[in-house]
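K.L.:
Let's see this in three dimensions:
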Amino acid sequence: MKQLLALTLSLIAMSSSAVAQGQEQVIVGAERTELYLPLLENKRVGILTNNTGRIGSTHLVDSLYDTGVDIRMVFAPEHGFRGDADAGEHIDNGKDPRTGIQIVSVYGANKAPSAEYMDQLDVVVFDIQDVGLRYYTYLSSMHYMMQACADNDVEMIVLDRPNPNGFYVDGPILDPKYRSFVGMHPIPTVHGMTLGELARMINGEGWLENGDTCRLTVIPCANYTHQTRYVLPEKPSPNLPNMRSIYLYPSLCFFEGTPASLGRGTDFPFQVYGHPKMDADGFRFTPHSNAGAKNPPLKDQVCYGVDLRTEPSDRQIWDRGVDLHYIIDCYNQTGLGEQFFTPMFEKLIGVDYVRRMILDGANAEEIKACWKEDVEKFKVRRKPYLLYEE
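P.N.:
Next comes the predicted model:
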């Protein structure tokens, strides 16, 4: 345990120094080792994480392994344990080449580990950087792990991280009939919560099967509020390469439910949108196969559209929140009518009235007014579960 103590003291010193200098540096849950290392002593540990699970410059798994924590297995979500798999790509079980630890996929056919795996564990540690959207699948992976822990009487520890879109709440509340892996909970598109807060809400609202709850401990961030503009130190997934893409993601992800491209297969995913049928006199780009998108929509086809890399400003994006102007513009320009929308659109937007209103010619402001009251009700509902000042 000497190595564990040394790691703890080093991180405490680093954090104290930042605060002493008046920087009020955000300290993520994983860095607050003094709060959770005692909970791992003499325990058989599983870890659900990806490339964003880091203690400073070192991966959480590597850090805990090197200090002697008894890690029995690592659970790999979408994009894999080290975060380099394509969106939707099948993740195989295997072994981590650095540590030799068993890797168990929790993405694809088996979204929750079986009792065979859970019986080998006393506690599961969850540490993944989220971006604050209902359809970002790490929230769903956390839900399924909470269910597995509840079913098998295994403790779960969430090492919390800031939400880079945590300073506002917007978008329609998910209609249960559109529940899927890209939307499991009756929350807005932009929920304004950290995963630690959402884990508390899942337990508190009885959203696990049969109203089950899991034995949950959340290690909160320090020096963080919901108004903090937190810049991610690691890209959270291959197609969210920078903060610009993360701020635009709440509005552009809906293009996944259309035949248009949002830049997968380019150097600027989630920062543009386009289609071969849009205005040929404007901006153009051509998606190609790359490391983050092996078979992107409209692969090798010239797309005409809109470049959002510099305009509008970040402040304007924040102020507008969920912005349907982009989808409506593309719908109008392509002239595809109802064929513009696929069933995935409802799974992402979470309700059926948005498609209907767009087809009927409603504008973005008229549609947005339809969910305003629901958002205010949700803000009240979530209050008991918040860990940080609003």
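
K.L.:
excluding its backbone neighbours, what's nearest residue 366?
P.N.:
residue 357 (6.9 Å; C-beta to C-beta, 6 or more residues apart in numbering). Backbone N, C-alpha and C define where each C-beta goes, glycine included.

K.L.:
from what I can see the one you found touches residue 367, true?
P.N.:
Yes - look at residue 357 against residue 367 with C-beta atoms under 8 Å: they come within range, at 5.0 Å.

K.L.:
Neighbour count for the two, which is higher?
P.N.:
residue 367 (21 against 17; other C-beta atoms under 10 Å).

K.L.:
All the strands of the protein, residue numbers only.
P.N.:
Counting by DSSP state E, the chain has these strands, from start to end: 45-49, 54-55, 58-59, 71-76, 94-95, 102-105, 123-127, 155-159, 216-219, 272-275, 283-285, 303-307.

K.L.:
ok, residues contacting the last one?
P.N.:
Residues outside strand 303-307 that contact it (C-beta atoms under 8 Å, 6 or more residues apart in numbering): 260-261, 271-287, 326, 329-330.

K.L.:
Any idea which helix or strand in the chain has the lowest mean pLDDT?
P.N.:
One helix or strand of the chain scores below all others by mean pLDDT, DSSP states H and E: helix 2-20, with a mean of 43.

K.L.:
rewinding a little: any of the contacts of strand 303-307 buried? List them.
P.N.:
260-261, 271-278, 283-285, 287, 326, 329-330 (16 or more other C-beta atoms under 10 Å).

K.L.:
Nearest the geometric middle of this structure, what residue?
P.N.:
The chain has residue 130 as the residue nearest its centroid, 3.5 Å off, counting by C-alpha atoms, centre = their mean.

K.L.:
The residue nearest to that residue when sequence neighbours are not counted - how many residues pack around it?
P.N.:
Distances taken as C-beta to C-beta, 6+ apart place residue 195 nearest to residue 130, at 4.9 Å, with adjacent residues excluded. By other C-beta under 10 Å, the residues close to residue 195 number 26.

K.L.:
can you check residue 101 too?
P.N.:
18.

K.L.:
how far out from the middle of the chain is stretch 104-112?
P.N.:
Distance of stretch 104-112 from its chain centroid, counting by C-alpha atoms, centre = their mean, to the nearest Å, is 17 Å.

K.L.:
Name the residues of that stretch that come out as buried.
P.N.:
Of the residues in stretch 104-112, 104, 105, 106, 107, 111, 112 count as buried by neighbour count, 16+ other C-beta under 10 Å.

K.L.:
need the contact list for the fourth one.
P.N.:
Listed by C-beta under 8 Å, 6+ apart, the contact set of residue 107 reads 76, 77, 78, 91, 137, 141.

K.L.:
Distance to residue 35, pLDDT and neighbour count added to the residues you listed, as a markdown table?
P.N.:
Formatted as a markdown table, the contacts of residue 107 follow (distance: C-beta to C-beta, whole Å; pLDDT from 0 to 100; neighbours: other C-beta atoms under 10 Å):
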| residue | distance to residue 35 | pLDDT | neighbour count |
| --- | --- | --- | --- |
| 76 | 25 | 90 | 25 |
| 77 | 24 | 86 | 26 |
| 78 | 28 | 77 | 25 |
| 91 | 30 | 54 | 20 |
| 137 | 27 | 93 | 21 |
| 141 | 23 | 95 | 24 |
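
K.L.:
now those as a markdown table including distance to residue 299?
P.N.:
As requested, the contacts of residue 107 are exported to a markdown table (distance: C-beta to C-beta, whole Å):
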| residue | distance to residue 299 |
| --- | --- |
| 76 | 26 |
| 77 | 25 |
| 78 | 21 |
| 91 | 22 |
| 137 | 23 |
| 141 | 28 |
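
K.L.:
Just give me the closest of those residues to residue 202.
P.N.:
residue 141 (12.4 Å; C-beta to C-beta).

K.L.:
which residue sits closest to that closest one, ignoring its sequence neighbours?
P.N.:
In this structure, residue 141 finds its nearest non-sequential neighbour in residue 77, 4.3 Å apart by C-beta to C-beta, 6+ apart.
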